[in-house]
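>>> sharing a sequence plus its predicted fold:
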Amino acid sequence: MSPTAKQPKKSAAALAQVRIIGGQWRSRKLNFPDIEGLRPTPDRVRETLFNWIQNAVPGADCLDLFAGSGALGFEALSRGANSCTFVDIAQPSCQALRDNAALLKATTAKVLQQDAIGWLQQQPGTELKASKYHIIFLDPPFNKGHLQDICQCLLDQQMLHLNAMIYIESEPGAALQTPWTLHREKISGQVQYRLYKTLSVGTNNCSEPGPGKE
């Protein structure tokens, strides 16, 4: 290229879209950055999940860890959840989450740009950290071995309401030991997704679940 030729402008990060499939924002499309490792939960899987949890969503306080596009958290808010806290370490993802919350006028959406495990290990009472959640969406990077430690943090920090639900996406066959009851599970392609229900409040022993109500 000639030294006098005009240099092309650096292109902005590519964008992708996710569609809300139910509730007050049904069919709304939200932009998110098309960055490496960000894989929104597919529509078919989300539809199955929200069929599983439809009665628990209205009025629920939700936590979307490793939020990425925010597809799960915004779907919950669209269907009547009381609030959702989105936690993600990537700045472009967090900016898109804030922009989409503003677009939807989702005033109870809280976005935190933090490492999810580090945030979980903070003491209760930290700004924007609720003491209990009714529904947790957990979709950590695959094949990193973080899943057990993350679930243990949730237990140790006593972040779950009685009869809370924990939705987990992982690579197929990922081992996990918890005191929670496995309520539903399926495999779709290279993704295994499971829904757990808690057995008791305050238990942090993975081998001795306490009594609880269904």
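Nice, thanks for sending it over.
>>> which strands or helices does the helix ranked longest in the chain pack on?
Longest helix in the chain, counting residues (DSSP state H): helix 91-104. Applying 3 or more Cβ pairs under 8 Å, 6 or more residues apart in numbering; DSSP states H and E, we find helix 91-104 packed against strand 29-33, helix 71-78, strand 83-88, strand 109-113. The way it works is simple: take the backbone N, C-alpha and C, and place the C-beta from them, glycine included.
>>> in that helix, what's buried?
The neighbour-count check on helix 91-104 (16 or more other Cβ atoms under 10 Å) flags 93-94, 96-98, 100-101, 104 as buried.
>>> how close does Ala14 get to Ala67?
Distance, Ala14 to Ala67, using Cβ to Cβ, to the nearest Å: 19 Å.
>>> settle it for me: which of these two has more neighbours?
Ranked by neighbour count (other Cβ atoms under 10 Å), Ala14 and Ala67 place Ala67 first, with 29 against 8.
>>> is the closest residue to that one other than its chain neighbours bridged to anything, and to what?
Excluding its sequence neighbours, the residue lying closest to Ala67 (Cβ to Cβ, 6 or more residues apart in numbering) is Phe86, at 3.9 Å. Residues in a beta bridge with Phe86, per DSSP bridges, are Asp64, Val111.
>>> tell me how many other residues surround the closest residue to Leu65 other than its chain neighbours.
Of all residues not flanking Leu65 in the chain, Ala116 sits nearest, at 4.7 Å (Cβ to Cβ, 6+ apart). By other Cβ under 10 Å, 23 other residues sit near Ala116.
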